[in-house]
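Asks: okay, structure incoming, though there's no sequence with it:
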């Protein structure tokens, strides 16, 4: 369990984190999202004791991170995969972690196998690693103590599609076994696939938090038909709003409707309209929600 309550951090006149409150629960993956400069990294640094808060508390398993006697056995952190000793080999870095935590030597080989670093790769110096290999080594270091809580910032950065899938399955499995995962990423699709709960921060404040299902419930429905007129009349009569979605193709139009698929299907049936497609509009739901909630914090504006 991760608990953040009333967390505030100022740097002189700059308010970097403003009264941030959220929890990350066992058995669930919590996605922590925000634009660059929103306060996401500062919050995570406070959580793991690298930055002192101005006010508020951040605890892991009921304790401040700095008060845990052997934190590597309870919570592990991956904030920057490049922050590893470039002159050491991957195996040496894992061996140091194993020795510092008093773990059996066999854990090093277990972790190398788990993250897919070959004997040749683990014997190379980290300066020769690709970013993806550094990510795998960082994950191995994070997991070597079999911690209950994982805190990760951009863990899929530098991974190829196969590596991203591997990372997703790894984190999902950790949560399914009862672990707590707090995951920050700019890969919104990956967050949408894996997260159970979502916390969105902008300008240092929480702008949305809740289960993924609840936050995306308002993304609506995509419905496709060749009979736009009768369908639109039925939607209007029911007071349901909609917009045209995409370009008509082969005589068919697609509408994005602000209602759940069951209601849209029922209205289409009442209007005697044949449908070619009916599905939740969840493909870009998280991206659209994120951009809407953080519109005033984005450097770029979306068309």
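Replies: Perfect, I can see it now. On a predicted model such as this, the values are computed, not experimentally measured, just so you know. Residues are numbered from 1 along each chain as shown.

Asks: the residue of the chain positioned farthest from its centre: what's it in contact with?
Replies: Ranked by distance from the centre of the chain (CA atoms, centre = their mean), the top residue is residue 272, with 41.9 Å. Counting by CB atoms under 8 Å, 6 or more residues apart in numbering, residue 272 touches residue 230. The C-beta positions use only the backbone N, C-alpha and C, and glycine is treated the same way.

Asks: is residue 229 located within a helix, as I assumed?
Replies: Yes. With DSSP: H, G, I helix; E, B strand; the rest coil as the criterion, residue 229 is located in a helix.

Asks: quick one: the helices in the chain?
Replies: 40-47, 90-100, 106-115, 119-122, 131-143, 161-176, 188-194, 212-215, 228-237, 261-270, 285-293 (DSSP state H).

Asks: how about JSON lines for those helices, with mean pLDDT added?
Replies: Compiled in JSON lines, those are given as follows (pLDDT from 0 to 100):
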{"stretch": "helix 40-47", "mean pLDDT": "92"}
{"stretch": "helix 90-100", "mean pLDDT": "93"}
{"stretch": "helix 106-115", "mean pLDDT": "94"}
{"stretch": "helix 119-122", "mean pLDDT": "94"}
{"stretch": "helix 131-143", "mean pLDDT": "91"}
{"stretch": "helix 161-176", "mean pLDDT": "91"}
{"stretch": "helix 188-194", "mean pLDDT": "84"}
{"stretch": "helix 212-215", "mean pLDDT": "80"}
{"stretch": "helix 228-237", "mean pLDDT": "95"}
{"stretch": "helix 261-270", "mean pLDDT": "92"}
{"stretch": "helix 285-293", "mean pLDDT": "73"}
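
Asks: pipe those helices into JSON lines and attach distance to residue 22 and mean neighbour count per row.
Replies: Formatted as JSON lines, those follow (distance: least, CB to CB, whole Å; neighbours: other CB atoms under 10 Å):
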{"stretch": "helix 40-47", "distance to residue 22": "9", "mean neighbour count": "23"}
{"stretch": "helix 90-100", "distance to residue 22": "29", "mean neighbour count": "18"}
{"stretch": "helix 106-115", "distance to residue 22": "29", "mean neighbour count": "18"}
{"stretch": "helix 119-122", "distance to residue 22": "37", "mean neighbour count": "14"}
{"stretch": "helix 131-143", "distance to residue 22": "21", "mean neighbour count": "22"}
{"stretch": "helix 161-176", "distance to residue 22": "17", "mean neighbour count": "16"}
{"stretch": "helix 188-194", "distance to residue 22": "15", "mean neighbour count": "19"}
{"stretch": "helix 212-215", "distance to residue 22": "13", "mean neighbour count": "17"}
{"stretch": "helix 228-237", "distance to residue 22": "37", "mean neighbour count": "16"}
{"stretch": "helix 261-270", "distance to residue 22": "30", "mean neighbour count": "16"}
{"stretch": "helix 285-293", "distance to residue 22": "14", "mean neighbour count": "19"}
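
Asks: mind putting those helices in JSON lines, distance to residue 19 included?
Replies: Below are the helices of the chain laid out as JSON lines (distance: least, CB to CB, whole Å):
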{"stretch": "helix 40-47", "distance to residue 19": "11"}
{"stretch": "helix 90-100", "distance to residue 19": "35"}
{"stretch": "helix 106-115", "distance to residue 19": "38"}
{"stretch": "helix 119-122", "distance to residue 19": "44"}
{"stretch": "helix 131-143", "distance to residue 19": "29"}
{"stretch": "helix 161-176", "distance to residue 19": "28"}
{"stretch": "helix 188-194", "distance to residue 19": "24"}
{"stretch": "helix 212-215", "distance to residue 19": "20"}
{"stretch": "helix 228-237", "distance to residue 19": "41"}
{"stretch": "helix 261-270", "distance to residue 19": "37"}
{"stretch": "helix 285-293", "distance to residue 19": "17"}
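
Asks: residue 278 is nearest to which of those helices?
Replies: helix 261-270 (5.5 Å; CB to CB).

Asks: so what touches that closest one?
Replies: By CB under 8 Å, 6+ apart, helix 261-270 touches 221, 223, 225, 231, 234-235, 238, 240, 257, 275, 278-280.
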